[in-house]
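Novice: Coordinates for the following, if possible.
(one chain, ligands or ions: 1)
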Amino acid sequence: MRILIIEDEPELARHISRALSRHEHQVTAKYDGTEGLRVALAAPPDLIVLDLGLPGMDGLELLATLRRELCPSRVIILTARGEVEHRVRGLKAGADDYLSKPFSLDELVARVEAMGRRGATPKAIDLLRTGDLSMDVQHRRVTRSGRVITLSPREFDVLQVLMQEPGRVFSRTELCERVWRREHEYDTRTVEIFITRLRKKVDMNFDVPLIHTQRGQGYTVREPERPPSAAVPPRSNEESK
Ligand code: CA
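Specialist: Model prediction:
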């Protein structure tokens, strides 16, 4: 499994990494909440081992954000002894399992293996993402920056086709064929109507549009290019320490 450890005690993170690597897992460790969240969302691992007390962003907030963003990774939380309340809140926030510190590495490995046996995490293909727009295909749920966007079934279908291949331009005919495939008679102008509705729902209340018209070619969904004003001067390595 691909496993991400988010734990601010470097010694503990190292021990966990070693123990899991020995069992053929591919392990990455991050030491603060903000960075951990970024990595988890960029490429959701199969499993996240998440400490609750973290600098940057605390573990419960991080977990809630992951679930709001429809991150499919399984999560085991690490709680300090006696933090019963945190454990309960963690499970409610979407953790799959927990371990109370101090725990033995053997137990951690056993829990991780058990998690693997529970079956694969929801397939990555069931979760589509473009920028801050997420689509849970299985549950037909769409969120942008954590806010739920309510779509009609057809609106959902059109957006799904676009989000399956972000950046690819779909002509009206192609979109029609994909979405209205069982109906022989369709009017490509219908696509325009759906795109207009999707724009209202997906883009209108946000600064950066994700649905784009490629003049004379069709439509695409793509991540925003960074506006020049947001460009930051390159940081020296020294500064980031
Ligand atoms: Ca900690």
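
Novice: Which pLDDT does the model give residue 13?
Specialist: Model confidence at residue 13, given as pLDDT, is 96.

Novice: Please disregard the earlier target; I meant residue 122.
Specialist: 53.

Novice: With the one 4 residues further on instead?
Specialist: Looking at residue 126, its pLDDT reads 77.

Novice: Over to the one 5 residues further on?
Specialist: In this model, residue 131 is scored at 88, pLDDT.

Novice: wait, what's in contact with it?
Specialist: 208, 210, 223-224 (CB atoms under 8 Å, 6 or more residues apart in numbering). The way it works is simple: take the backbone N, C-alpha and C, and place the C-beta from them, glycine included.

Novice: Okay, and which of those map to strands?
Specialist: Assignment to strands by DSSP state E places none of the contacts of residue 131 there.

Novice: and the least confident of these?
Specialist: residue 224 (75).

Novice: Hmm, that one is touching residue 212, no?
Specialist: No. Using CB atoms under 8 Å as the test, residue 224 is too far from residue 212 to be in contact (9.7 Å).

Novice: circling back: tabulate the contacts of residue 131 (a markdown table), appending distance to the ion and neighbour count.
Specialist: Listed next are the contacts of residue 131 as a markdown table, based on distance: CB to the ion, whole Å; neighbours: other CB atoms under 10 Å:
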| residue | distance to the ion | neighbour count |
| --- | --- | --- |
| 208 | 34 | 12 |
| 210 | 36 | 23 |
| 223 | 33 | 14 |
| 224 | 34 | 15 |
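
Novice: Which two of those have the greatest separation?
Specialist: 208 and 223 (8.8 Å; CB to CB).
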